[in-house]
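1. What follows is a protein structure lacking sequence information:
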């Protein structure tokens with residue numbers, strides 16, 4: 001499983017640090033929030049691959065956070081409840097409000113990683129390790145190349161990594177911070193670097209409707225690589241854009 005961007009909502013500092021340590025050790029980027037309103041504010045401008053939520057919080061409840069996410073975010077982010085509430089009714093209520101899985105504390109490293117990995121596998125099927133096709137584009141991860149209709153496109157290392165990240169997330173709105181973390185890692189660089197690379201990549205790969213895609217900027221948020229002429233809510237993976 002490749003590195004994913006995870007937001008964890010937990011008001012207990014020790015528990016939050018434990019979750020962050022477990023997920024970071026597994027290679028993921030884990031962002032901690034201690035109250036419901038702060039994570040909702042961030043979800044309006046940032047993108048995450050998975051949410052891990054406590055139930056009892058200082059301001060909102062876990063189910064209220066889930067309901068907001070399902071009502072306001074167009075993509076279905078997998079959500080795991082991690083809580084001390086162990087009654088069957090609580091578990092049923094948690095899953096019924098829109099969560100994808102439910103784990104009862106105390107936190108057990110093996111179980112947490114097993115549940116997180118299962119949710120990520122279902123939500124983001126792993127792409128082949130070597131060559132895959134996205135519409136008219138072919139990506140060869142062995143030699144780190146991208147072809148357009150069989151013709152090699154000359155890309156720098158970062159341009160290739162950005163193209164790979166976008167092709168693996170067709171249809172998703174990706175925040176600039178998410179893109180920075182995934183492509184540039186922990187490097188301290190200005191966000192305008194993304195805009196420059198996106199512009200170059202759009203031109204080099206000729207990402208435009210006649211080739212089946214648009215690379216659009218979403219004001220103040222980030223970018224989305226989407227099918228030309230299709231609603232961004234439709235998952236291109238389900239429409240057969242991706243093939244091996």
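-> On my side now, so go ahead. Bear in mind that the values here come from a model prediction, so they are computed numbers and not experimental data.

2. and residue 90, what helix or strand is that in?
-> Under the assignment given by DSSP states H and E, the secondary-structure element containing residue 90 is helix 88-96.

3. So which bits of that helix are buried?
-> Of the residues in helix 88-96, those scored as buried under the neighbour-count criterion (16 or more other C-beta atoms under 10 Å) are 90-91, 93-94. Just so you know, the C-beta spots here come from the backbone N, C-alpha and C atoms, and that holds for glycine as well.

4. again, but for stretch 45-60
-> For stretch 45-60, the buried set under the neighbour-count rule, 16+ other C-beta under 10 Å, comprises 46-55, 57, 60.

5. which two in those residues are spaced the farthest apart?
-> Using C-beta to C-beta, the pair of the buried residues of stretch 45-60 lying farthest apart is 47 and 55, separated by 23.9 Å.

6. Please identify the pairing partners of the helix or strand containing residue 32 and their relative orientation?
-> Residue 32 is part of strand 29-33 when elements are defined by DSSP H and E. According to DSSP bridges, strand 29-33 has the following sheet partners: strand 5-9 (parallel).

7. Quick one: name whatever helix or strand follows the strand it pairs with.
-> helix 13-25.

8. Just name whatever secondary elements that following helix is in contact with.
-> For helix 13-25, the helices and strands in contact under the criterion 3 or more C-beta pairs under 8 Å, 6 or more residues apart in numbering; DSSP states H and E are strand 5-9, strand 29-33, helix 109-123.

9. and the first one with helix 109-123, angle?
-> Angle, strand 5-9 to helix 109-123, by axes from the mean of the first three to the mean of the last three C-alpha atoms, to 10 degrees: 120 degrees.

10. Need the residues that contact strand 5-9.
-> Contact partners of strand 5-9, identified using C-beta atoms under 8 Å, 6 or more residues apart in numbering, comprise 16, 19-20, 23, 28-36, 39, 42-43, 46-54, 57, 62, 65, 82, 116, 178, 181-182.

11. what's the span of stretch 123-142, first residue to last?
-> Length of stretch 123-142, first residue to last, C-alpha to C-alpha, to the nearest Å: 25 Å.

12. What residues of it count as buried?
-> Using 16+ other C-beta under 10 Å as the burial criterion, the residues of stretch 123-142 that qualify are 124, 127, 132, 134-139.

13. nearest to residue 168, of the residues you listed?
-> So of these, ranked by how close each gets to residue 168 (C-beta to C-beta), first place is residue 127, at 6.0 Å.

14. quick one, domains of the chain?
-> Under automatic domain parsing, the residue ranges defining each domain of the chain are 5-123, 131-243.

15. need the least confident one among these, by mean pLDDT.
-> The stretch with the lowest mean pLDDT among the domains of the chain is domain 131-243, at a mean of 86.

16. all strands of the protein, in order?
-> 5-9, 29-33, 50-53, 79-83, 101-104, 131-134, 137-140, 145-148, 151-153, 174-175, 213-218, 222-227, 242-243 (DSSP state E).

17. how about these, which one is nearest residue 165?
-> Ranking these by proximity to residue 165 (C-beta to C-beta) places strand 174-175 first, at 7.8 Å.
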